[in-house]
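1. Let me see the structure of the following:
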Amino acid sequence: MWEKVKGLNTFLMHCTHLSRLELMHCTHLSRLELMHCTHLSRLELMHCTHLSRLELLHCTHLSRLELLLLTYNTFLMHCTHLSRLELLLLTYNTFLMHCTHLSRLELMHCTHLSRLELMHCTHLSRLELLHCTHLSRLELMHCTHLSRLELLHCTHLSRLELMHCTHLSRLELLHCTHLSRLELMHCTHLSRLELMHCTHLSRLELLHCTHLSRLELLHCTHLSRLELMHCTHLSRLELMHCTHLSRLELLHCTHLSRLELMHCTHLSRLELMHCTHLSRLELMHCTHLSRLELMHCTHLTSELRTLTDKGMWCQTGSEHLLLSQPGRRLLPAVDEQPRTV
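-> Modelled structure (predicted):
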């Protein structure tokens with residue numbers, strides 16, 4: 001079998017005009033060298049379960065690469081025309097250098113991948129890493145055109161720096177349970193940020209995210225500080241189970257139209273006097289909230305603007321206020337669950 005594998009690599013050394021290669025269920029293939037296939041434009045490797053090394057140096061015409069159920073080490077260097085890369089159920093280490101035309105990268109269930117470096121992938125616009133459970137380091141230094149980043153169940157990632165991703169507009173971090181540091185210093189074009197079950201994140205600074213319009217923080221249970229001072233374009237804010245957050249300042253969020261706070265059990269004060277565009281407000285199980293100022297929220301009804309305590313469901317027309325803690329009621333009792341009006 002080794003002779004067959006060695007023979008395949010020897011054969012491919014002379015296929016200098018090969019443009020497409022598909023290998024399926026080559027379960028004994030351990031090494032594949034394509035450095036001399038300079039005209040290769042499409043490569044598909046599926047179920048090559050023992051492939052431990054793939055070399056694509058000088059495959060300068062490669063535009064599409066699909067890898068399924070492989071490899072330990074993948075080296076992509078000088079694949080300057082690569083535009084889409086899909087990797088599923090792989091690898092230990094992946095190195096992408098000078099893949100300057102790569103625009104979208106998807107990695108799914110790469111459970112042994114620990115480090116991903118995307119050096120000089122200057123045209124990369126979308127990156128999705130799903131269930132890369134051992135990923136601990138992600139380098140995006142020169143991905144200046146990255147506009148969308150999605151990380152799901154990257155449970156070993158503790159630090160994420162996006163300082164050079166100046167065109168990033170959407171960021172989703174879901175179940176990145178060990179993430180403790182998130183750097184967004186130069187993400188001035190970020191418009192949507194979603195964090196879910198980032199349970200080790202304690203501080204989130206958005207000082208330079210001046211174009212942020214939507215922010216969702218769900219089950220960020222250790223978040224104690226949230227800076228929104230310069231988020232003047234924020235229109236929607238959702239906080240759920242941010243149980244350590246005690247203070248929320250929205251003085252400069254003059255475009256805020258929707259606010260949902262659920263199970264923020266340590267939040268004690270909420271000032272909305274400058275949120276003059278607020279049209280929907282939901283507060284549920286914010287059990288320590290003692291002061292609520294709505295006097296200048298002219299898009300809410302007058303009944304809601306005069307409410308300064310907690311205790312009930314109240315819905316009037318399209319304006320919606322939820323205060324769920326049982327206790328003293330300041331308005332006539334209504335159904336405990338929301339109803340359609």
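2. C-alpha from now on. contacts and neighbour counts both.
-> OK.
3. Quick check: which ranges of the stretch 51-200 of the chain have low pLDDT?
-> 51-53, 57-60, 63-101, 120 (pLDDT under 70).
4. Which residue ranges of it form strands?
-> Using DSSP state E, counting those that start in this stretch, the strands of the stretch 51-200 of the chain run over 53-55, 64-68, 73-77, 84-88, 93-97, 104-108, 115-119, 126-130, 137-139, 148-152, 159-161, 170-174, 181-183, 192-196.
5. For residue 12, what are phi and psi?
-> phi -70, psi -20 (degrees, to the nearest 10).
6. got it, and the one 10 residues further on?
-> Dihedral angles phi and psi of residue 22 (degrees, to the nearest 10) take the values phi -130, psi 130.
7. List the contacts of it.
-> Contact partners of residue 22, counting by CA atoms under 8 Å, 6 or more residues apart in numbering, are 43-45.
8. Give me the subset of these lying in strands.
-> Secondary structure defined by DSSP state E assigns 43-45 of these to strands.
9. Out of these, grab the one that's most surrounded.
-> In terms of neighbours by other CA atoms under 10 Å, the ones in strands among the contacts of residue 22 top out with residue 45 at 20 neighbours.
10. separation between residue 245 and residue 262?
-> 12 Å (CA to CA, to the nearest Å).
11. let me redo that: residue 254
-> Distance of residue 254 to residue 262, computed by CA to CA: 21 Å.
12. what residues are up against residue 253?
-> Residue 253 neighbours (CA under 8 Å, 6+ apart): 228-235, 274-275.
13. per-residue pLDDT, it?
-> Per-residue pLDDT puts residue 253 at 92.
14. and if you look at the one 3 residues further on?
-> The confidence metric pLDDT takes the value 94 at residue 256.
15. where along this protein do the helices fall?
-> 2-13, 302-305 (DSSP state H).
16. Of those helices, which shows the lowest average pLDDT?
-> helix 302-305 (a mean of 47).
17. just to revisit the earlier point, kindly reformat the contacts of residue 22 as a markdown table containing pLDDT and distance to residue 119.
-> Listed next are the contacts of residue 22 as a markdown table, based on pLDDT from 0 to 100; distance: CA to CA, whole Å:
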| residue | pLDDT | distance to residue 119 |
| --- | --- | --- |
| 43 | 79 | 22 |
| 44 | 77 | 23 |
| 45 | 73 | 24 |
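18. Distance to residue 209 added to those residues, as JSON lines?
-> Formatted as JSON lines, the contacts of residue 22 follow (distance: CA to CA, whole Å):
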{"residue": "43", "distance to residue 209": "40"}
{"residue": "44", "distance to residue 209": "40"}
{"residue": "45", "distance to residue 209": "41"}
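19. And the residues you listed, which is closest to residue 137?
-> Ranked by distance to residue 137 (CA to CA), the contacts of residue 22 are led by residue 45 at 25.8 Å.
20. Who does the closest one form a beta bridge with?
-> Per DSSP bridges, the residues bridged to residue 45 are residue 23, residue 67.
21. My guess is it contacts residue 27. True?
-> No - counting by CA atoms under 8 Å, residue 45 sits too far from residue 27 to count as a contact (10.8 Å).
22. Nearest residue to residue 158 in space, please, no chain neighbours.
-> Of all residues not flanking residue 158 in the chain, residue 179 sits nearest, at 3.9 Å (CA to CA, 6 or more residues apart in numbering).
23. count of residues packed around that neighbour?
-> Counted with other CA under 10 Å, the burial measure for residue 179 works out to 22 neighbours.
24. ok, it - contacts?
-> Residue 179 makes contacts with 155-160, 198-201, as judged by CA under 8 Å, 6+ apart.
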